[in-house]
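>>> Give the three-dimensional model of this entry:
(one chain, ligands or ions: 1)
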Amino acid sequence: MAINASVLILNGPNLNMLGVREPQIYGSLTLDDVEAMCQEHSQRLGLEVDFRQSNHEGELVTWIQQARSENDGIIINAGAYSHTSLAILDALILAELPVVEVHLSNIFKREPFRHHSHVTSVARGMICGFGPQGYVLGLDAMAQILNNRS
Ligand code: DQA
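Presented below is the predicted three-dimensional model:
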């Protein structure tokens with residue numbers, strides 16, 4: 001598959017602490033490890049990946065707004081903002097790009113307040129529970145979406 005498209009992979013709050021943060025839930029890989037997996041897989045798919053993380057809701061919103069003109073799709077693990085942020089949902093709507101939602105953990109096996117994500121309502125689909133491999137699966141899903149588009 002040679003698609004030649006650009007995908008923004010966004011990570012929300014506390015994901016910079018992967019590897020240290022609750023390893024029994026999120027595993028032992030760091031966010032740099034996850035990025036390396038994504039960069040390697042994206043090359044196979046012919047996708048260019050811009051991989052970012054922020055602990056700040058407004059910064060994530062700004063990056064999503066910029067993606068509207070700079071990227072072809074968004075893969076997002078908004079962390080806890082998935083459950084709370086209408087601002088991120090609104091930004092994803094205005095971006096008018098295909099969105100794939102990813103969570104490392106199976107949010108439906110966890111506390112009830114994690115069962116609802118605002119992102120899901122705008123996403124083409126959601127992958128959760130497969131740890132960092134979920135990002136790779138998300139890239140496969142995005143490649144298929146972008147391939148069908150062109
Ligand atoms: C998470 C799940 C969220 O509920 C949590 O707040 C996170 C990480 C995940 O990847 O499993 O920060 O998005």
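
>>> how far away is His83 from Met126?
From His83 across to Met126, the span is 13 Å (C-beta to C-beta, to the nearest Å). Yep, even glycine has a C-beta here, placed from its N, CA and C like the rest.

>>> Overlap in contacts, the two.
Ser117 (C-beta atoms under 8 Å, 6 or more residues apart in numbering).

>>> So for these two, which sits in the more crowded spot?
Met126 (19 against 16; other C-beta atoms under 10 Å).

>>> Rounded mean pLDDT for the helix or strand harbouring the more buried one, please.
Using DSSP states H and E, Met126 sits within strand 125-128. Strand 125-128 comes out with an average pLDDT of 98.

>>> Helix, strand or coil: sort out the residue nearest in space to the middle of the chain for me.
When C-alpha atoms, centre = their mean is applied to the chain, the residue found nearest the centroid is Ile76 (2.1 Å). Under DSSP: H, G, I helix; E, B strand; the rest coil, Ile76 falls in the strand class.

>>> ok, now which ones touch it?
Residues near Ile76 by C-beta under 8 Å, 6+ apart: 9-12, 88, 92, 99-102, 119, 123.

>>> Gln133: neighbour count?
For Gln133, using other C-beta under 10 Å, the count is 16.

>>> what do you get for His103?
24.

>>> That one and Thr84: what is the separation?
14 Å.
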